[in-house]
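turn this into a model:
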Amino acid sequence: MSVIFSKSSGLNDSFFGKSQEPIRMLLEKDVEAFEQMSAIPKLFKKVSSRNFAEKITSRTSMGNFSPVGEGGTYPKAEIQEGYSKVVEPDTWKNQFSITKEMVEDNKLLEITQQALGFTDSYNRTRELFAGTMLAGGVGLTTTFADKQYDTSCADGKPLFAKDHPSITENTDAQSNLYADAFSVDALAAAETAMQNYKDDNGFVLGIAPDTIVIPNEYTLKRDVFAAIGADKDPATANNGFNYQYGRWNVIVWPYLGAVAGATKPWILLDSHYNNSRAGLVWVDRIPLSVHSWVDENNDNNVWNGRARFSAGFNNWRAVCIGGVTGGTQLVSA
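Predicted coordinates for the structure are as follows:
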């Protein structure tokens, strides 16, 4: 999302006028560049909102088509609203100042550092918040910047849980919380489990996970790329075909927060299902809005930044996590 820029009337004609456009360009370009590298669009369904809050909901599946014979009547398919989730964007603010002395003394490096530090703060906050929310999905709430956030799914369970219920009670409780440390076998077992996830009416959904998300931990990186990075199976003497080769996108995300009960968490995501069924949802209400003005008490040029965004979880089936103590065991010990 583009930066919205405004400034107090008369600032162009003021002492700080010549610094306005260069600083503005720095802010816009730095935010734009970071967005290209951000993991948020790869992990969350991004929603641009015009409302105070967004209600994310779903529908249960329809019954199958039926053979009715020549001239037969159309069967009535039963469908109902599924679980729903409300995500309310928070307001986030920060500011920086350019002193009159900086401009008088032509301290361009200091001015640049102030501006870039401001955008670093904004970009980092979004990534840290997203990582903290995702890691906090093993429980019902998590805390970021001294505020508690809801990490439950639309069904009232944590995003990652062993007992996700069905709203129609036509499906037994299902798990997307697994205890297994990452291995080739654990990856295959978790992928298979996701492929067998059922909807609320008991139909297999055909989930197809395509993304592995891990924190920036060196042994986990080594194990993941060893499992998927070669077309031959390195664990067998005859180098049998490795069917995991070339099938995965890997996101090594240093902003993935500490996961309770997991020293080396690993996450699988079906990015297509996540986007089409609004699994992990990121709501942008107001993009970064920057207002420049002069503080008459100290003659500083103050730059205020304000944005509104948040995240929440709707449909748990798009994702699973492994390596968490107390999760379902996939591979026999």
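
quick one, grab the pLDDT at residue 192.
The confidence metric pLDDT takes the value 97 at residue 192.

and after the longest strand along the chain, which helix or strand comes next?
With secondary structure taken from DSSP state E, the chain has its longest strand at strand 280-295. Using DSSP states H and E, the helix or strand that follows strand 280-295 towards the C-terminus is strand 300-313.

ok, now how distant is the nearest residue to residue 160 once chain neighbours are set aside from residue 264?
In space, and not counting its chain neighbours, residue 160 is closest to residue 177: 4.3 Å by CB to CB, 6 or more residues apart in numbering. All C-beta spots, glycine's among them, are computed from the backbone N, C-alpha and C. With distances defined as CB to CB, to the nearest Å, the gap from residue 177 to residue 264 amounts to 15 Å.

so the two - more neighbours on which side?
For residue 177 versus residue 264, neighbours defined as other CB atoms under 10 Å are more numerous around residue 177 (24 against 16).

any idea what that one is bridged to?
With DSSP bridges applied, residue 177 shows beta-bridge pairing to residue 321.

wait, doesn't it sit right on residue 321?
Yes - with contact defined as CB atoms under 8 Å, residue 177 counts as touching residue 321 (6.1 Å).

need the residues touching each of these two.
With contacts taken as CB atoms under 8 Å, 6 or more residues apart in numbering, the residues that reach both residue 177 and residue 321 are 138, 160, 327.

and residue 91, how many neighbours?
A count of nearby residues for residue 91, using other CB under 10 Å, gives 11.

for it, grab phi and psi.
Here the main-chain torsion angles of residue 91 (degrees, to the nearest 10) amount to phi -100, psi 130.

cool, residue 100 as well?
Dihedral angles phi and psi of residue 100 (degrees, to the nearest 10) take the values phi -60, psi -30.

try residue 203
Torsion angles at residue 203 (phi, psi; degrees, to the nearest 10) stand at phi -90, psi 140.

separation between it and residue 172?
Taking CB to CB as the criterion, residue 203 is separated from residue 172 by 13 Å.

who has more neighbours, those two?
For residue 203 against residue 172, the residue with the higher neighbour count under other CB under 10 Å is residue 203, and the figures read 15 against 11.

need the next SSE after the host helix or strand of residue 36, C-terminal direction.
In this structure, residue 36 is located in helix 17-37 according to DSSP H and E. Using DSSP H and E, the next helix or strand after helix 17-37 towards the C-terminus is helix 40-43.

other SSEs contacting that following helix?
With contacts taken as 3 or more CB pairs under 8 Å, 6 or more residues apart in numbering; DSSP states H and E, helix 40-43 sits against helix 108-135, strand 211-214, strand 249-252.

that one: how far from the chain's middle?
Averaging C-alpha coordinates over helix 40-43 and over its chain gives two centres that are 5 Å apart (CA atoms, centre = their mean, to the nearest Å).

what lies in contact with that helix?
By CB under 8 Å, 6+ apart, the surrounding residues in contact with helix 40-43 are 35, 46, 126-127, 130, 134, 211, 213, 249, 251, 269, 271, 274, 280, 282.

by neighbours, which of those residues wins?
Ranked by neighbour count under the definition other CB under 10 Å, the contacts of helix 40-43 are headed by residue 134 with 30 neighbours.

how about the contacts made by it?
For residue 134, the contacting residues are 43, 159, 213, 256-257, 267, 280, by CB under 8 Å, 6+ apart.

and what of residue 300?
97-100, 294.

for PyMOL, what selects the buried ones among these?
Of these, the buried ones go into a single PyMOL selection, burial set by 16 or more other CB atoms under 10 Å:
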select buried, resi 98+99+294
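
least confident secondary structure element in this protein?
Sorting the helices and strands of the chain by mean pLDDT, DSSP states H and E puts strand 54-56 at the bottom, at a mean of 67.
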